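Participant: Pasted the sequence and its predicted model underneath.
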Amino acid sequence: MIPLLFVAFAAVLLVSSLLVILHRSPVASALYLVLAFCSLAAIYLLLHAEFIGLVQVVVYAGAIMVLFLFVIMYLNLGRDVESGVTILLRRGLGWLLGAALVAEGALLLSRGLAPGPAVPPAAAAAAGNTQQVGLLLYSRYLFPFELTSIILLVAMIGAVVIARGRSEPPGAGAPPPAAGPAAGPPAEDA
Amino acid sequence: MIPLSWLLALSGVLFCIGVVGVLVRRNALVIFMSIELMLNAANLAFVAFSRHLNSLDGQVFVFFVMTVAAAEVAVGLAIIVNLFRLRETVFVDEINLLKG
């Protein structure tokens, strides 16, 4: 049953991620990417990584993709025009290089994989997955965990500063143009 | 139980789809989405090995990768918005100021 479900979700994942890079409309690409993230979350659930699966849905399919769609609609993008000899040439070359990469991976995986015996799942089922990840996150990985909060703070400030556009001289009176979509609350008092 | 080789093959193919997306598309937003696909392929490999080795450290790493991805998306989309304001395009082959 579980391998069957895995194959089904993997098929959905691969087809939707192919459609992400093939579809002309950026909005459709973003929506297919949401589908890909949701099926990946289902695969995480099949692998008994419940916490990661739910965070995948909340953070990726929720927050990040909403940001993408917001920017696409803010910029009012239509369908891409893709024509011309150089574009066709580059596209052919890109597919060729991608096929070479797939072939290389298949070669490595077919002959070089010796993963060793799987560790029997002994203590993993004792408590919930979320509880165990949380314990690990707050004990052994406490310092990296605190560092991620600084990364998020830096990203927040950076997004506000970059998306605000050209800075005007202080005291000019005119409010700056609309704050960026990634900026969260618009900077009214800037 | 799902074999490790299936998961690694899926992760590798997903990564290659992301690479092809970066190479063939000229819309900066779609290129960004392809980068997200590659990050997710790496996450899948982390979770697969975490399951195989019966150790939760891989899942903690996935958590950190997601945090960095969120920060990257916020800053990157801000850069794209600013670029659109300056050049009125999101096509990366029309942004050739450094080409000389």
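Facilitator: The structure has been received and is ready for your questions.
Participant: Give me the three-state assignment for B:N54.
Facilitator: Secondary structure for B:N54, judged by DSSP: H, G, I helix; E, B strand; the rest coil, is coil.
Participant: burial count for it?
Facilitator: B:N54: 13 surrounding residues under other Cβ atoms under 10 Å in any protein chain shown. Any C-beta I mention is one placed from the backbone N, CA and C, and that applies to glycine too.
Participant: just B:K99 next, same as before
Facilitator: Residues near B:K99, counting by other Cβ under 10 Å, number 6.
Participant: For stretch B:60-76, give me every contacting residue.
Facilitator: A:49, A:52, A:55-56, A:59-60, A:63-64, A:67-68, A:133, A:136-137, A:141, A:144, A:148, A:151-152, A:154-156, A:158-159, A:162, A:182, B:32, B:35-36, B:39, B:42-43, B:46-47, B:50 (Cβ atoms under 8 Å, 6 or more residues apart in numbering or on different chains).
Participant: Please repeat the previous calculation with a cut-off of 6 Å.
Facilitator: In this structure, residues lying in contact with stretch B:60-76 by Cβ atoms under 6 Å, 6 or more residues apart in numbering or on different chains are A:52, A:59, A:64, A:136-137, A:141, A:148, A:151-152, A:155, A:158-159, A:182, B:32, B:39, B:43, B:46.
Participant: do the same with stretch B:4-24
Facilitator: A:10, A:17, A:21, A:91, A:94, A:98, A:101-102, A:105, A:109, A:113, A:115, B:31, B:34, B:37-38, B:41, B:44-45, B:48, B:52.
Participant: mind saving the C-alpha coords of it as CSV?
Facilitator: Extracted C-alpha coordinates of stretch B:4-24, given in CSV (Å, rounded to 0.1, in the frame of the first residue of the first chain):
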residue,chain,number,x,y,z
LEU,B,4,16.1,4.3,-0.4
SER,B,5,17.1,4.1,-4.1
TRP,B,6,13.6,5.1,-5.2
LEU,B,7,13.7,8.2,-3.0
LEU,B,8,17.2,9.1,-4.3
ALA,B,9,16.1,8.7,-7.9
LEU,B,10,13.1,10.9,-7.3
SER,B,11,15.2,13.5,-5.6
GLY,B,12,17.8,13.4,-8.5
VAL,B,13,15.1,13.7,-11.2
LEU,B,14,13.5,16.6,-9.3
PHE,B,15,16.8,18.4,-9.0
CYS,B,16,17.5,17.9,-12.8
ILE,B,17,14.0,19.4,-13.6
GLY,B,18,15.0,22.4,-11.5
VAL,B,19,18.3,22.7,-13.4
VAL,B,20,16.6,22.5,-16.8
GLY,B,21,14.1,25.2,-15.6
VAL,B,22,17.0,27.5,-14.7
LEU,B,23,18.7,26.9,-18.1
VAL,B,24,15.7,27.2,-20.4
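Participant: Many thanks, I have nothing further to ask.
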